[in-house]
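Asker: fold the following.
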Amino acid sequence: MPRSPAIALLLAAALLQPAAAKTAPPQTVQAEYGLSVNGAPVAVMQETFEIRDGSYRAVSETHAVGLFALAQRRPGRVTSSGGVDGSGLRPMTFDGTRGGRDERRVNAEFDWSARTLTLQHDGRSDTVALPPGTQDRLSAMYQFLFLDLEKLRDLGFAMTNGRKLDQYRYTIGPDTAIDTPLGRLEVIHLVRRHQPGETANEIWLSREHRLMPVKMRIVEDDGKRYEQLISRLDIR
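Answerer: This is a model prediction of the structure:
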């Protein structure tokens with residue numbers, strides 16, 4: 001699995017101890033995003049999310065496009081599964097790979113009873129403390145579907161990408177609207193509070209689509225810009 005922050009961007013999302021949403025969360029989501037680097041298209045991301053019998057499963061596949069497809073023929077595949085409770089998603093397993101004998105495969109196992117998180121990557125295994133409400137980088141995207149709007153005003157969370165566990169905190173910006181392939185959308189704009197050496201990150205949540213992330217951006221210290229923009233969305 002590539003280490004590009006573009007992939008980590010998928011998942012730069014949300015907090016995890018929200019109050020229950022005012023409306024019932026959807027049972028299924030199908031979404032597609034275009035991924036670009038410095039404005040140039042590099043991949044298409046296709047995602048599915050489903051809740052069934054108190055459990056959830058999310059799958060994200062990234063397919064390179066254009067010249068990038070010549071160098072990267074295998075799609076990247078990320079999965080997250082676990083339970084659903086009053087606070088939203090409770091991950092149990094996270095996995096990321098390009099299939100076959102992928103030496104860069106990552107995996108995270110959540111042991112909520114022991115409060116430990118086991119990370120497997122690069123042929124090694126690390127166990128760290130598991131903070132309450134921790135999400136993985138894919139489940140975090142769909143945790144927004146369970147959030148109350150008030151929780152966005154001071155949003156903090158722990159999130160893992162299978163290699164490490166990081167802390168995130170976001171500030172909510174002024175209301176705005178953005179243009180997307182779905183049309184012009186009214187959105188809530190979240191900006192990560194970051195320290196020197198950390199990447200800048202922004203998330204735009206659609207008000208009319210149950211706070212589903214419709215645009216994400218990450219900017220590295222060298223100015224390289226990764227963006228993920230919604231191109232198709234079906235929520236039921």
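
Asker: list the buried residues for the biggest strand by length in the chain?
Answerer: Among the segments of the chain that qualify as a strand by DSSP state E, the longest is strand 40-52. Within strand 40-52, the residues that qualify as buried are Val42, Ala43, Val44, Met45, Gln46, Glu47, Phe49, Glu50, Ile51, counting by 16 or more other C-beta atoms under 10 Å. Placement of C-beta: from N, CA and C, glycine included.

Asker: beta-bridge partners for the fifth one, please?
Answerer: Applying DSSP bridges to Gln46 gives these bridge partners: Glu32, Glu61.

Asker: just checking, it touches Arg77?
Answerer: No: using C-beta atoms under 8 Å as the test, Gln46 is too far from Arg77 to be in contact (10.2 Å).

Asker: identify the contacts common to those two.
Answerer: With contacts defined as C-beta atoms under 8 Å, 6 or more residues apart in numbering, the residues adjacent to both Gln46 and Arg77 are Ser60, Glu61.

Asker: so what's Pro213 up against?
Answerer: Ala13, Met141, Phe144, Ile203, Trp204, Leu205, Ser206, Ile230.

Asker: so of those residues, which ones are in helices?
Answerer: Here DSSP state H is the test, and those give Met141 as lying in helices.

Asker: would you list the contacts of Pro213 in a markdown table and tack on neighbour count?
Answerer: Converted to a markdown table, the contacts of Pro213 look like this (neighbours: other C-beta atoms under 10 Å):
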| residue | neighbour count |
| --- | --- |
| Ala13 | 28 |
| Met141 | 28 |
| Phe144 | 27 |
| Ile203 | 27 |
| Trp204 | 21 |
| Leu205 | 24 |
| Ser206 | 22 |
| Ile230 | 23 |
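
Asker: now tell me which of the contacts of Pro213 the prediction trusts least.
Answerer: Per-residue confidence over the contacts of Pro213 reaches its minimum at Ala13, where pLDDT is 34.

Asker: before we move on, what SS does Asp102 have?
Answerer: Remark: Asp102 carries the secondary structure label coil [criterion: DSSP: H, G, I helix; E, B strand; the rest coil].

Asker: from Asp95, how far off is it?
Answerer: Counting by C-beta to C-beta, to the nearest Å, the gap from Asp102 to Asp95 is 11 Å.

Asker: and these two? Which one has more around it.
Answerer: Regarding Asp102 and Asp95, a neighbour count based on other C-beta atoms under 10 Å identifies Asp95 as having more, with 19 against 14.

Asker: part of a strand, is the more buried one?
Answerer: Yes: counting by three-state DSSP, Asp95 is part of a strand.

Asker: if we can go back for a sec, now the buried residues of strand 40-52 in CSV, with pLDDT and distance to Arg115?
Answerer: Conversion of the buried residues of strand 40-52 to CSV gives the following (pLDDT from 0 to 100; distance: C-beta to C-beta, whole Å):
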residue, pLDDT, distance to Arg115
Val42, 95, 38
Ala43, 96, 36
Val44, 97, 38
Met45, 97, 32
Gln46, 98, 34
Glu47, 98, 29
Phe49, 98, 26
Glu50, 98, 27
Ile51, 98, 25
